[in-house]
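[1] okay, here's the prediction I keep looking at, along with the sequence it came from:
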Amino acid sequence: MATGSEVLLMLCPAGGWIITDNDFDTVVWVDERPRCTKAEFEAGFAQYDAFKAEQDAAKAAAQAKLAALGLTADDLKALGL
């Protein structure tokens, strides 16, 4: 089950918020970045697992491409990428 902070990271990845519980009413918006609504936040709990699976699959695909080139993520870090 997703946490409130995971849902907010999915919906508002640029930040601009602080959450103290898994409840929208505990969100403190700290700047004027784009915000989500309470309905979007609540729906995000149902959407998070699919979002996370998609992110994990993209990461695995990228790692597979690097491996095919004989590189690792550490190699890219060493190159500053």
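    Sure thing, it's come through.
[2] next, the buried residues of the helix or strand harbouring residue 60.
    Residue 60 belongs to helix 38-68 when elements are defined using DSSP states H and E. Within helix 38-68, the residues scored as buried using 16 or more other Cβ atoms under 10 Å are 41, 44-45, 48, 51. In this view, the C-beta of every residue, glycine as well, is placed from N, C-alpha and C.
[3] gap between the residue sitting furthest away from the middle of the chain and residue 10?
    The centre of the chain is farthest from one residue, residue 70, which by Cα atoms, centre = their mean lies 27.9 Å away. Residue 70 sits at a distance of 33 Å from residue 10 (criterion: Cβ to Cβ, to the nearest Å).
[4] and for residue 68?
    In this structure, residue 68 lies at 29 Å from residue 10, with Cβ to Cβ as the measure.
[5] swap in residue 67?
    The value you get for residue 67 to residue 10, if Cβ to Cβ is used, is 28 Å.
[6] do residue 55 as well
    For residue 55, the distance to residue 10 equals 9 Å [Cβ to Cβ].
[7] ditto for residue 45
    Relative to residue 10, residue 45 is positioned 10 Å away (Cβ to Cβ).
[8] in the protein, where is pLDDT below threshold?
    Scanning the chain for pLDDT under 70 picks out no residues.
[9] burial measure for residue 71, as a count.
    Residues near residue 71, counting by other Cβ atoms under 10 Å, number 15.
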